[in-house]
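Colleague: I would like to see how this sequence folds:
(chains A, B and C)
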Amino acid sequence: MENLVYIALFAPFVGSLFAGLFFARSPKNIVVGVVNSALIFISLLASIALAIHVVEHGAIHVTMMDWITVGGLHIPFGFVVDEVSVTMMVVVTMVSTVVHIYSNGYMDHDKSFNRFFSYLSAFVFSMMVLVMSDNFAGLFIGWEGVGVCSWLLIGFWYHKKDVTPDINPAISPSYAANEAFIMNRIADLGMLIGIFLIYWNVGSLQYDIVFEKLPHLGDGILVAIAMALFIGAMGKSAQFPLHTWLTDAMEGPTPVSALIHAATMVTAGVFLVIRANPIYSLDAVSGVSYFIAALGTFVAFFAASMALVNRDLKRIIAYSTLSQLGYMFAAAGLGAYWIALFHLAAHAFFKALLFLGAGNVMHAMNDELDIFKMGGLKKVMRGTYLYMGVASLALAGIPPLAGYFSKDAIIETAFNEGTYILWFALVFTAGLTAFYSFRQVFLTFEGEERYKKFGFHPHEMYRYVLIAMSPLAILAIITGWFKGSFHEFIIRLLPDYEMSHHTHHNAWWLGLLVLAFAVTGIIIAYMKYARKGDKAFKQDKEVESGFLYKLLINQYYIPAFYTEYIVKPYSALSDKFWSIDKAVVDATVDFIAKVIYKTGDRTRVIQNGNLSSYLNWMGVGAVLLILASAVAVVIG
Amino acid sequence: MIGISHYLILSGLLFSIGFMGVLRRKNLLMLFFATEVMLNAVNIAFAAIGNYYGDLSGQMFAFFIIAVAASEVAVGLGLLIILYKKYHTLDLDVISTMKG
Amino acid sequence: MEHILTILIFFPLLAGILGFIVDRDSAKAYGISVAGIEFLLSLWLWFSFDMDNADMQFTEFLPIIKEFGISYNVGVDGISLFIVIMSAMITLIGIISLNEEKIDNIKNMIVSLLFLEMTMIGVFVALDAIMFYIFWELSLVPMLYIIGAWGGPTRVYAAIKFFLYTFAGSLIMLVGLLSIAYLYHLETSVWTFNLLDWYQLDLSVNLQYWLFLALFIGFAFKVPMFPFHTWLPHAHGQAPTIGSVILAAVLLKMGTYGFVRFSLPLFPDASVQMIPMIVVLSIIMIIYTAMVAFAQKDMKQIIAYSSISHMGIIMIGIFAMNSEGLSGAIFQMISHGMVSGALFLLVGIIYERTGTKLMSKFGGLASIMPVYATIFGVMLMASVGLPLTIGFVGEFLVLLGFYKISPMATVIAGTSIIIGAIYMLSLFKKSFFGEVTNESNRGLKDLNAREITALLPLVAIVVWLGIYPKPVLKPIDNSVQKLLIDMKYKARTPEAKKSIISIQRAKEEK
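Modeller: Here you go, the predicted structure:
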């Protein structure tokens, strides 16, 4: 079994090296795409085999070698394959396999085809390290590793130049990449502090030892650890106020958005909370947990509101990702860890599918992203329409698709905990979700064929790409049906979460209410955006000049606020410091040197070679000496 | 009655005159005169104090000084003449050759 | 090979003197072979080093002036071993990277480098205070010459500033060293400058305080600590590439090494008392210089200021007073040597090609010089402390160790991982990303064989020690633990005893 663990872990790494070392400078080579996809597929197979093993025999724990051993600190490269990590492994490799195959078609014409696969496989490797590590330091390796891969991939088209934010809110891919990296670093500092706290209070970073010793720690320390780790999670999972990087990250190639910024990396924060559930389920940190749930709910609503008005195909999906991450945090914060994990998995499948569908549309529309310039694409892109429709239905939570089972469970949890404000916010957001996702689908595929005005000639994606996407579509449909068996499997490790009798009793109308909101959202979207002729969608200038619209389209002015009050002052302060460095610190040193130099220069006059002045100075000296001795006599 | 203090005051005055001459004069010859004045001021003091204590060493020293001053003037004036031949002046501001 | 350390010190000196009679055309080859042999010797030192022994090894002792206890006394332990190896390696890489066509008078350059190598190794293996001081001062001379002879337009100003600044500091240090010898004489009526004897000296807290300050000035000028850092940007700005590489990689480490070798074991109580002052200065150094780095327009200046910022991390690690932080700091010295050395080499390469270091003249270099951009990217990631690169291990351990002393200060110092990323990524973006803004850059050639030979070993080490730091960390940790045990034993004040955390390894291995 150990070998399987290493195969699952290192197959993507081998792929990355293969593409990076041997083909980095050669032109597009299809072998790279095929080999890398195959290696990820092998990793998927190994993960599935491990999953079966875990179901039958329980967790596997391997230690590869020592990493850092200093003083009392001992960090090995250790990996644990248990119920939680194996779920993540299957989800990650599953989506990665599809995305790799998809990328063969999508990146077809890109001159950096090989480089792309190298980065993408490196990302999968880092993600596997993240989920499989058996200690917090190993998790941090993966955590930073995915951050760098994300940086590389967001900035993949680094050659594009910077533009002003009104043309492209992300300015440029390289700018967005740096923004993502730096924002994540802010959160990583929190995570590091959490690791330090754990080390100095527990003496180890291994999950099992840490969780075992938790009851012996003081409440204050536990709260501090929980907060610090959650700050780390906030960055990776783009929670408010560190959320702005995620939408800008859409500058990366679409397969990247599907894999990294929807299905896997951004869920790492949720994974961390689930992994560290023994900390978060302690009574001492219930305040932090409730904060997580509240923040999650807030972000769910907050992100959905921004998605309502956006015109950018990928940004809408990015907001919906943000919103769904909020749902996951809400569930995890309320103690329903397994439901959060279940939603994480289901979301990974349908959101990746949605992004890949968006990629097909972009491919067809020459990278145009404005959905107002599309419409009526269903004629030419029947397959993509089907996929995106299914994914959106799943996202909207329509039965019997995956989203219905997972999201409904989260909303039910909020009801069950008696947090009715959170509950209502989540229900309402479900309606918004349905509306914006179908607004996007209808604007793209239904209604008038607006693209003709702009001279586009859309065409469907390659057939093999469409076939490769089908596993995700199937999973987006059927995942929910296995909720029961997943529950049984996962509660061997995670704490169970059962609805109370009262909630059980009310479950039918709760579900119906959510459904009603969702269906209403879809119907409104249909009425407004899907029809043709007289009732066809037109831009409404009046709405667009309204305050609310402006607020939402400008993302509540948060990016502008960051630029104005953080980025610019930072630059200004840096410049100030530089001038201080020159004008004060360095100048002081030079001043001391100058004083000495000038003193020498001035006193040089004494040595002017004139006998008469020498005699004068001699006289002065003699008088001074006499005076000095006289003073000495008087005092002495 | 003329006492020791009168001699010493005279000596101090003469010395001050000589000292001021050394400081202020620019002409080398005048510098020589000034130093001679200072030396003789000291001579007066020596002789007076020697007499006051009834000790002959004071007057002996005065003679020594006169002898030294005489030889010094002999050598010094010789040098002055050479300098004058070379520069045609004895002004110190003009003949300063060392530059600091 | 009993006299391996003597050979390590004096072989470059002899070879350097012989270097004067070598033909100009073969000067570089001569330099490479000498530095190569020296590097192999230093590797031999590593392989025959007893990893489980925390004490001084390969010691040699030869009295020179018996009356005053001045002697030729050398030895290495885990703390100095890797700095010695690094000095030899960086010198070799530096000589390999020299471009014969661009540097006139290459023979003198090689000879200066070999002299410099002697002084560097001498400083790190000296166990006699006078010998340490002599090598410390001698190291200024070749560097002064390298900056002054091959530097930029205001090289003389920069060189003199470098010289006088550090010289002023080390004179005060000399007074401190002499006073220690005097105090030792008062107590035992024996004159000695042997460091190991000094370690036995028990000083009152008040005396420790003043002597600590005297040595602090000498070391802090060299590190350079805020506010004594301003000679460094000038020196780097004017120095030729090779000068910057050695200055950043090795010479700065003399200061931090001095703290570990002298200040901590000699003055344990004063060191603990001084933590607040050192930490405030170090934090200012970390954040302030990182922000100044962000404001720079010149690539080399960014890396120069980033060096200061990273030295700040090393400083707080040294004063963490526990094995994690101190070992981390020493590891970070190695790591910073490798990474900043490589970054200065990289900047030198582009400067050689374009004649400018201003970022505004670049842009889009990643498309033109992909290999260059890749290596730069790796070094950048190591510089911002990415896990599995050499930069992470040291930085992580330092911050982890210092957390025990002050969580608040650690949070503030930890912002270096954020602001470090800010200036490095903005440097990378401005120079490598975007469109090719300067048409004349289109014809730039990617790295040639000579440059790759110089850089690849550094890349390999950066990755290797990031994944498997154990062979280096273990000897360091051994010696550091011994140092801490001695310090704790020697400490007089209760708060010092409390702050210094020593772990008996035997207990740990149980």
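
Colleague: Sketch out the low-pLDDT regions of the stretch 351-500 of chain A for me.
Modeller: Within the stretch 351-500 of chain A, no range satisfies pLDDT under 70.

Colleague: Please tell me I have it right and residue A:141 contacts residue C:388.
Modeller: Yes - applying Cβ atoms under 8 Å as the test, residue A:141 and residue C:388 come out as touching, 6.0 Å apart. Any C-beta I mention is one placed from the backbone N, CA and C, and that applies to glycine too.

Colleague: Check what pLDDT whichever residue of the stretch 101-250 of chain C sits closest to chain B gets.
Modeller: At 23.4 Å from chain B, residue C:160 is the closest residue in the stretch 101-250 of chain C, using Cβ to the nearest Cβ. For residue C:160, the model assigns a pLDDT of 91.

Colleague: ok, whichever residue of chain C sits closest to chain A to residue A:144 distance?
Modeller: Proximity of chain C to chain A (Cβ to the nearest Cβ) peaks at residue C:323, 3.1 Å away. Using Cβ to Cβ, to the nearest Å, residue C:323 is found at 24 Å from residue A:144.

Colleague: Please name every helix or strand in contact with the longest strand seen in chain A.
Modeller: Using DSSP state E, we find that the single longest strand of chain A is strand A:60-70. Judged by 3 or more Cβ pairs under 8 Å, 6 or more residues apart in numbering or on different chains; DSSP states H and E, the packing partners of strand A:60-70 are helix A:2-17, helix A:30-57, strand A:73-81, helix A:136-154, helix C:323-354, helix C:390-405, helix C:470-490.

Colleague: Tell me which helix or strand comes right after the third one.
Modeller: Going back to what we said before, that points to strand A:73-81. helix A:83-106 (DSSP states H and E).

Colleague: report the angle between the axes of the following helix or strand past that following helix and helix A:136-154?
Modeller: Per DSSP H and E, the first helix or strand lying C-terminal to helix A:83-106 is helix A:113-132. Relative orientation of helix A:113-132 and helix A:136-154, computed by axes from the mean of the first three to the mean of the last three Cα atoms, to 10 degrees: 160 degrees.

Colleague: How far does helix A:113-132 sit from its chain's centre?
Modeller: 15 Å (Cα atoms, centre = their mean, to the nearest Å).

Colleague: That one and chain C, are they touching?
Modeller: No - remark: helix A:113-132 sits outside contact range of chain C, by Cβ under 8 Å from any Cβ of the partner chain, the gap being at least 8.8 Å.

Colleague: tell me what that helix is packed against?
Modeller: Short answer (3+ Cβ pairs under 8 Å, 6+ apart): helix A:113-132 packs on helix A:2-17, helix A:30-57, strand A:73-81, helix A:83-106, helix A:136-154, helix A:268-275.

Colleague: Go through the ones you listed and name the closest to chain B.
Modeller: Per Cβ to the nearest Cβ, nearest to chain B of the helices and strands packed on helix A:113-132: helix A:136-154, 65.3 Å.

Colleague: Next, the angle helix C:323-354 makes with the next helix or strand after the closest one.
Modeller: Next helix or strand after helix A:136-154 toward the C-terminus (DSSP H and E): helix A:173-202. Using the same axes, to 10 degrees, the direction of helix A:173-202 lies 160 degrees away from that of helix C:323-354.

Colleague: on that earlier part again, would you turn the helices and strands packed on helix A:113-132 into JSON lines with mean neighbour count, mean pLDDT and distance to residue C:336?
Modeller: Formatted as JSON lines, the helices and strands packed on helix A:113-132 follow (neighbours: other Cβ atoms under 10 Å in any protein chain shown; pLDDT from 0 to 100; distance: least, Cβ to Cβ, whole Å):
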{"stretch": "helix A:2-17", "mean neighbour count": "20", "mean pLDDT": "91", "distance to residue C:336": "27"}
{"stretch": "helix A:30-57", "mean neighbour count": "19", "mean pLDDT": "92", "distance to residue C:336": "35"}
{"stretch": "strand A:73-81", "mean neighbour count": "22", "mean pLDDT": "91", "distance to residue C:336": "21"}
{"stretch": "helix A:83-106", "mean neighbour count": "26", "mean pLDDT": "91", "distance to residue C:336": "35"}
{"stretch": "helix A:136-154", "mean neighbour count": "25", "mean pLDDT": "93", "distance to residue C:336": "19"}
{"stretch": "helix A:268-275", "mean neighbour count": "26", "mean pLDDT": "92", "distance to residue C:336": "30"}
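
Colleague: ok so, going back, please, which helix or strand holds the residue of the stretch 101-250 of chain C closest to chain B?
Modeller: helix C:155-188.

Colleague: What distance do you get for the residue in chain A that chain B sits nearest to to residue A:617?
Modeller: As assessed by Cβ to the nearest Cβ, chain B sits closest to residue A:607 within chain A, at 2.6 Å. Distance of residue A:607 to residue A:617, given as Cβ to Cβ: 10 Å.

Colleague: Check residue B:4 too.
Modeller: In terms of Cβ to Cβ, residue B:4 sits 34 Å off from residue A:617.

Colleague: likewise residue A:45?
Modeller: 98 Å.

Colleague: Next: residue A:240.
Modeller: 78 Å.

Colleague: between the two, who's got more neighbours?
Modeller: Between residue A:240 and residue A:617, counting by other Cβ atoms under 10 Å in any protein chain shown, residue A:240 is the more crowded of the two (17 against 13).

Colleague: Now for the nearest residue to that one once chain neighbours are set aside, how many residues are close by?
Modeller: Using Cβ to Cβ, 6 or more residues apart in numbering or on different chains and skipping the chain neighbours, the partner closest in space to residue A:240 is residue A:299 (5.2 Å). Residues near residue A:299, counting by other Cβ under 10 Å, number 26.

Colleague: do the same with residue A:604
Modeller: Going by other Cβ under 10 Å, the residues that sit close to residue A:604 add up to 10.

Colleague: re earlier: please tell me how far the residue nearest to residue A:240 sits from residue A:327.
Modeller: 9 Å.

Colleague: Equivalent analysis for residue A:62, please.
Modeller: Taking Cβ to Cβ, one finds residue A:62 at 34 Å from residue A:327.

Colleague: what does residue A:444 give?
Modeller: In terms of Cβ to Cβ, residue A:444 sits 24 Å off from residue A:327.

Colleague: which of these two has more neighbours?
Modeller: Per other Cβ under 10 Å, whichever of residue A:444 and residue A:327 has more neighbours is residue A:327, with 29 against 26.

Colleague: Might you report the residue contacts of that one?
Modeller: A:296, A:300, A:343, A:407, A:410, A:426, A:429 (Cβ atoms under 8 Å, 6 or more residues apart in numbering or on different chains).

Colleague: mind running it again at 6 Å?
Modeller: Contacts for residue A:327 were tallied using Cβ atoms under 6 Å, 6 or more residues apart in numbering or on different chains; they are A:300, A:410.

Colleague: Ok, residue C:364 next?
Modeller: Residue C:364 touches C:434, C:435, C:436, counting by Cβ under 6 Å, 6+ apart.

Colleague: tell me the secondary structure for residue C:60?
Modeller: strand (DSSP: H, G, I helix; E, B strand; the rest coil).

Colleague: For it, report the pLDDT, please.
Modeller: pLDDT, read off for residue C:60, is 91.
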